[in-house]
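Q: quick one: sequence and predicted model below, then my questions.
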Amino acid sequence: MVPLSWKKLWSGPKSITDYIKAAVVRASEAERRYKTDFHLDFSNEINLANVFNPEAFLSSLKLVNAQRLGKSASELILTLNPLASNLVAVKLAPLMVDGARFDGNNLIISSGKSQNVGNRTPEFNVTFTEKDSGRKHVSDNIDLPLYTNAAREKLICNIAVPTRESLNAVIFSGAALYIPDILNA
């Protein structure tokens, strides 16, 4: 059992051994990014599994883009493959998909025969855009939840992903994205 004082610093795995391993991996990655000045550059790929607090990372991206757009952060949504060149975008390492899969950049619902648990997304760029500007047709995008792990213990945010599926089909499939576990990768 992880001590409560540790959990207050970072809400990592529940097992103390896994907690320490995960903390060491993330601290090593943070040190590597800092030493290479990568922490100042969003052009390289970011693996959210190596970030201590993905929520804070995405919030900082949101605030940077809100400032550039001169908009309130509450008016922005996270979208895939942004085309706006004046916004800061981040290339994310593949995330895990539960209940669906990606065909290119489009979300496809799994058939009843195949569960498709453990599928990965393609690499994609994400940024925060104005609520309606990042979507060509609102019906072509569905907000998919992004969780911290496969158990869906903590919701990080929703990401507007392109799909040809209906909203009801996506809801009934239970489709979601989650950050892969770096200890089992």
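A: On my side now, so go ahead.

Q: partners of the helix or strand bottoming out on mean pLDDT in the chain in the sheet?
A: Least confident helix or strand of the chain, by mean pLDDT, DSSP states H and E, is strand 45-46 with a mean of 82. Strand pairing for strand 45-46, using DSSP bridges, gives strand 90-92 (parallel).

Q: what packs against the helix or strand following the strand it pairs with?
A: Later in the chain than strand 90-92, the nearest helix or strand by DSSP states H and E is strand 96-98. Judged by 3 or more C-beta pairs under 8 Å, 6 or more residues apart in numbering; DSSP states H and E, strand 96-98 is in contact with strand 119-120, strand 176-178. Bear in mind the C-beta positions are built from the backbone N, C-alpha and C, glycine included.

Q: recalculate using a threshold of 6 Å.
A: Helices and strands touching strand 96-98, by 3 or more C-beta pairs under 6 Å, 6 or more residues apart in numbering; DSSP states H and E, are strand 176-178.

Q: what does the strand it packs on contact?
A: 95-98, 144-147, 149-150 (C-beta atoms under 6 Å, 6 or more residues apart in numbering).

Q: in TSV: those, plus pLDDT.
A: Shown next, in TSV, are those (pLDDT from 0 to 100):
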residue	pLDDT
Leu95	92
Met96	92
Val97	92
Asp98	91
Leu144	92
Pro145	95
Leu146	94
Tyr147	94
Asn149	88
Ala150	88
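
Q: what subset of these is buried?
A: Neighbour-count burial (16 or more other C-beta atoms under 10 Å) applied to the contacts of strand 176-178 gives 95-98, 144-147, 150.

Q: farthest pair within those residues?
A: Within the buried ones among the contacts of strand 176-178, Leu144 and Ala150 form the most distant pair, 14.8 Å apart (C-beta to C-beta).

Q: and the most centrally placed residue in the chain, how far from Ile171?
A: Against the mean C-alpha coordinate of the chain, by C-alpha atoms, centre = their mean, the closest residue is Leu146 at 5.5 Å. Per C-beta to C-beta, to the nearest Å, Leu146 is found 16 Å from Ile171.

Q: just Pro13 next, same as before
A: 29 Å.

Q: who's more crowded, those two?
A: Pro13 (16 against 11; other C-beta atoms under 10 Å).

Q: my guess is the more buried one contacts Ala23. True?
A: No: the criterion here is C-beta atoms under 6 Å, and Pro13 misses it with Ala23 at 9.2 Å.

Q: understood, closing this out.
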